[in-house]
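**Q** Could you work out the structure for the sequence below:
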Amino acid sequence: MANRIIVGFAVILAGLYLYATEQIPVVLLDDPLGPKAFPRLLGAALLAIAVMLLLESLRQKKAGDTTPTEGSAQSAGWRHYWVVGALTIWTSLYVALFEWAGYALSTSIYLLVLTAWFNRGRWLSNVLTAVLFSFVSYGVFTKLLAVSLPRGILPF
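**A** Here you go, the predicted structure:
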């Protein structure tokens, strides 16, 4: 039942997102894709993921699988709600400090804390993943794609 609620919200969110995407003004410049290409791709991906979740939910129901899985809310109890709440607060803090700290630094710290929680005990892997992803994606967006991202307190 919970999966169907999530699917419903995802479809509504994707519909609203795609509607908002169509409101983006089109400026005919040298860009062959235009400003709507990436948002359309994200909206279509959200719809595809919602359909995949619905199909998986229907497959499990047809198979009669009602046993709680390791990560489900039934087996995890209140810990599940605590993790969701902590992730919401942590993501809100990330968004609030994004402009001040800059993309690379804030994303590195954000990802390091997440990987430290979900991939415990693997510090080298977590640090490399967080830092390399943040700085490589910053370089790709700012240098290759000419997207302006906040620099923050770092000198580059």
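**Q** which secondary element of the protein has the worst mean pLDDT?
**A** Ranking every helix and strand in the chain by mean pLDDT, DSSP states H and E puts helix 73-76 at the bottom, with a mean of 52.
**Q** quick one: contacts of the helix or strand just after that one?
**A** The helix or strand immediately downstream of helix 73-76 is helix 78-101, counting by DSSP states H and E. Outside helix 78-101, the residues that touch it by Cβ atoms under 8 Å, 6 or more residues apart in numbering are 72, 73, 106, 107, 109, 110, 113, 114, 150, 152, 153. In this view, the C-beta of every residue, glycine as well, is placed from N, C-alpha and C.
**Q** Could you pull out the buried residues of the host helix or strand of the third one?
**A** Under the criterion DSSP H and E, the helix or strand holding residue 106 is helix 103-118. In terms of neighbour count (16 or more other Cβ atoms under 10 Å), helix 103-118 has its buried residues at 103-115.
**Q** want to throw these into JSON lines with pLDDT and distance to residue 142?
**A** Formatted as JSON lines, the buried residues of helix 103-118 follow (pLDDT from 0 to 100; distance: Cβ to Cβ, whole Å):
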{"residue": "103", "pLDDT": "93", "distance to residue 142": "8"}
{"residue": "104", "pLDDT": "93", "distance to residue 142": "9"}
{"residue": "105", "pLDDT": "95", "distance to residue 142": "14"}
{"residue": "106", "pLDDT": "95", "distance to residue 142": "15"}
{"residue": "107", "pLDDT": "95", "distance to residue 142": "13"}
{"residue": "108", "pLDDT": "96", "distance to residue 142": "15"}
{"residue": "109", "pLDDT": "96", "distance to residue 142": "19"}
{"residue": "110", "pLDDT": "95", "distance to residue 142": "18"}
{"residue": "111", "pLDDT": "95", "distance to residue 142": "18"}
{"residue": "112", "pLDDT": "96", "distance to residue 142": "21"}
{"residue": "113", "pLDDT": "95", "distance to residue 142": "24"}
{"residue": "114", "pLDDT": "93", "distance to residue 142": "23"}
{"residue": "115", "pLDDT": "94", "distance to residue 142": "23"}
